[in-house]
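Engineer: Could you look at this predicted model? Sequence included:
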Amino acid sequence: MIDLSNQMFDVIKGDLEILEQGLQEAVTSTNELVTEVGMHLVTSGGKRIRPALCLLSARGGKAFDLPHVLPLAEALELIHTASLVHDDVIDEADTRWNNQVAILSGDYIFARAFALLAEAGYGDYVSKRLAELVCNLSVGEIIQDHAVYQASRGMADYYERIQKKTADFIEICCELGGLVGGMVKEAAEKLAEYGHCIGMAFQITDDLLDIEQTTEHI
């Protein structure tokens, strides 16, 4: 969970509390096991950075309406959650369920995310951008997996990978939040640039910590 004591997020503290309810409702199924897996995944301590940036961006628009923006924020977090589930399988991490259940649960959460978007009726551009996002996340993982045993990689390759892995996602959160909140295209594009820079810096910092620090310190 995001640190709600951070003053940056004071304005959306209530929004994030409502978001939590929406995430749990989104993964609830008529099947008990699917609900159990989904609830475990969405309540396992995510930082909620992506929906938080979406909500903050949306609140800068002239037409901000929380019920209208929440499905987008929820979908963004669900896409992130699903991608992490698939990453754990790829990385052979210890999971609570076997790989088959994990992969299918990730697929289910992806589908629930796009169902929320369809029900909200945001239009073609939002759907297209989020489809591009999932494609780029996949490409980023393919690049990373392909290069895992290469001792020397150039900076251009590294930047491409972290852009697709992280920066594209943060960029879209800010851009689409602004658009759905009623910002003009030019303002939303500036938010996209802002999000891109945050995403690149975030992933570079994360990678450096992986190399230089212990798990306890991180």
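Structural biologist: Yes, it's here.
Engineer: where exactly do the helices run in this structure?
Structural biologist: 13-26, 32-42, 49-58, 66-90, 99-120, 124-146, 155-162, 168-180, 185-212 (DSSP state H).
Engineer: Could I get the contacting residues of the most centrally placed residue in the chain?
Structural biologist: The centroid of the chain falls nearest to H80 when counting by Cα atoms, centre = their mean (3.4 Å). Contacts for H80 (Cβ atoms under 8 Å, 6 or more residues apart in numbering) come out as 46, 50, 169. Every C-beta, even on glycine, is put in place using the N, C-alpha and C of the backbone.
Engineer: Tell me where the chain is predicted with low confidence.
Structural biologist: 1-6, 91-95, 145-153, 215, 217-218 (pLDDT under 70).
Engineer: let's see 90
Structural biologist: Applying pLDDT under 90 to the chain flags residues 1-11, 44-47, 84-102, 136-158, 160-162, 164-165, 206-218.
Engineer: Phi first, then psi, for V184.
Structural biologist: Backbone torsions of V184, given as degrees, to the nearest 10, read phi -70, psi 160.
Engineer: Would you reformat the helices of the chain as JSON lines and include distance to Q7?
Structural biologist: Listed next are the helices of the chain as JSON lines, based on distance: least, Cβ to Cβ, whole Å:
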{"stretch": "helix 13-26", "distance to Q7": "10"}
{"stretch": "helix 32-42", "distance to Q7": "26"}
{"stretch": "helix 49-58", "distance to Q7": "12"}
{"stretch": "helix 66-90", "distance to Q7": "20"}
{"stretch": "helix 99-120", "distance to Q7": "29"}
{"stretch": "helix 124-146", "distance to Q7": "29"}
{"stretch": "helix 155-162", "distance to Q7": "28"}
{"stretch": "helix 168-180", "distance to Q7": "19"}
{"stretch": "helix 185-212", "distance to Q7": "17"}
